[in-house]
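[1] Structure of the sequence below:
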Amino acid sequence: MESGLQKERARRFRSLHQGAPMLVLPNVWDAASAQVIEQVGFPAIATTSSGVATALGYEDGQRITREMLVEVLARITRVVNLPVTADIEAGFGNSIPDVLQTVREVMATGVVGINIEDSRKQPGSGLVDMSYQVELLTALRELASELDVPFVINARVDVFLLKIGEPEDRFEHAVRRANAYLQAGADCVYPIAHLDYDTIGRLVQAIDGPINIMGGRAGTTLAELERLGVARVSLAGTLMRSMLTHLRSVAVDVLEHGSFEKLNAEL
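    You can find the predicted model right below:
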């Protein structure tokens, strides 16, 4: 991608995190799903690691290779004109230089944002040391300057997701990490989990920067999340799971009932 175009998309994507309206990102898994989201009218596109892995025949959790991820991203950025932000999980590396190499390759596809986790991918592992994540985020911010592409860093906070520590301690732990990540250079923080409105509202007040919330839970509305001050909402893997559920329903209708009604219902 021409560097000027990538910079313009990066600046546009960054601006979507500031003020109203709230940024809503349905997460995609391939070029076809990305094109649908663009055609509907969303302002930007995010990928889902679980969706990408599933589409390639793997489990989530960095079971695909860096090269496979980069290939998927290149296919997506080739067919859409929107800013694309990539879920790179924990960075596909065991050291900061390894993660920086991943991001270099990801940025070379034309992507303008990354989502990076603060937990390890080995079975049974928990959160990385906060000092390591701060150092990594600082290095990523420096890399953005080096590449001259102001890509957006969405720093995930996995305290709630992994149920780290006692329940009564998780809120303060998540806030400490989130604010440290923002100070280190993250543009947005993502305390991932299906959180209740009260917790979300408290996080918005306690965290000194834009907050990404995972949407898709029944009973939750975008209007209420925006009222609480959420800057960005991701659907994570729920969009793909919904599509696969529909596919299964259509297939069962054909196999068990000999019917094409569900197959043609949305055509």
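[2] any low-confidence regions in the stretch 101-250 of the chain?
    122-124 (pLDDT under 70).
[3] So residue 115, which state does it fall into?
    strand (DSSP: H, G, I helix; E, B strand; the rest coil).
[4] From residue 153, how far out is it?
    9 Å (Cβ to Cβ, to the nearest Å). Heads up, the C-betas are built off the backbone N, CA and C, glycines and all.
[5] One more: residue 231?
    Using Cβ to Cβ, we find residue 231 at a distance of 14 Å from residue 153.
[6] What of residue 59?
    From residue 59 to residue 153 the distance is 26 Å (Cβ to Cβ).
[7] and these two? which has more neighbours close in?
    Under the criterion of other Cβ atoms under 10 Å, the comparison of residue 59 against residue 153 puts residue 153 first, with 24 against 10.
[8] what helices or strands is whichever strand or helix holds the more buried one leaning on?
    Using DSSP states H and E, residue 153 sits in strand 152-157. Counting contacts by 3 or more Cβ pairs under 8 Å, 6 or more residues apart in numbering; DSSP states H and E, strand 152-157 is packed against helix 3-15, strand 113-116, helix 130-147, helix 167-184, strand 188-191.
[9] residues in contact with that strand?
    With Cβ atoms under 8 Å, 6 or more residues apart in numbering as the test, strand 152-157 has contacts from 10, 13-14, 17, 85, 112-118, 133, 137, 140-141, 144, 174, 177-178, 181-182, 185-192, 212, 232.
[10] Tell me which helix or strand comes right after it.
    Defined by DSSP H and E, the subsequent element after strand 152-157 is helix 159-162.
[11] Which strands and helices lie in contact with that following helix?
    Using 3+ Cβ pairs under 8 Å, 6+ apart, helix 159-162 sits against helix 167-184.
[12] mind saving the C-alpha coords of the helix it packs on as CSV?
    This file holds the C-alpha atoms of helix 167-184, laid out as CSV (Å, rounded to 0.1, in the frame of the first residue of the first chain):
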residue,chain,number,x,y,z
PRO,A,167,-13.0,-11.0,42.4
GLU,A,168,-12.9,-7.9,44.7
ASP,A,169,-9.4,-7.1,43.6
ARG,A,170,-9.8,-7.4,39.8
PHE,A,171,-11.2,-3.9,39.2
GLU,A,172,-8.2,-2.1,40.7
HIS,A,173,-5.8,-4.5,39.1
ALA,A,174,-7.3,-3.9,35.7
VAL,A,175,-7.2,-0.1,36.2
ARG,A,176,-3.6,-0.1,37.2
ARG,A,177,-2.6,-2.0,34.1
ALA,A,178,-4.8,0.1,31.8
ASN,A,179,-3.4,3.4,33.0
ALA,A,180,0.1,2.1,32.8
TYR,A,181,-0.4,1.0,29.2
LEU,A,182,-1.9,4.3,28.2
GLN,A,183,1.1,6.1,29.8
ALA,A,184,3.4,3.8,27.8
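[13] Residue numbering should commence at 18 henceforth.
    Yep, numbering from 18; the last one is helix 184-201 now.
[14] Kindly spell out which helices and strands sit in contact with that helix.
    On a contact count with 3+ Cβ pairs under 8 Å, 6+ apart, helix 184-201 meets helix 147-164, strand 169-174, helix 176-179, strand 205-208, helix 214-223.
[15] Could you check the fourth one and say which residues are buried?
    It refers to strand 205-208. 205, 206, 207, 208 (16 or more other Cβ atoms under 10 Å).
[16] ok, now which ones touch the second one?
    Spelled out, it's residue 206. 171, 172, 173, 174, 195, 198, 199, 224, 226, 227, 228, 229 are the contacts of residue 206 under Cβ under 8 Å, 6+ apart.
[17] beta partners for it?
    Note on residue 206: beta-bridge partners by DSSP bridges are residue 172, residue 228.
[18] Please tell me how far it sits from residue 278.
    Distance from residue 206 to residue 278, by Cβ to Cβ: 45 Å.
[19] Including distance to residue 271, could the helices and strands packed on helix 184-201 go into TSV?
    What follows is the helices and strands packed on helix 184-201, written out as TSV (distance: least, Cβ to Cβ, whole Å):
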stretch	distance to residue 271
helix 147-164	48
strand 169-174	39
helix 176-179	37
strand 205-208	39
helix 214-223	41
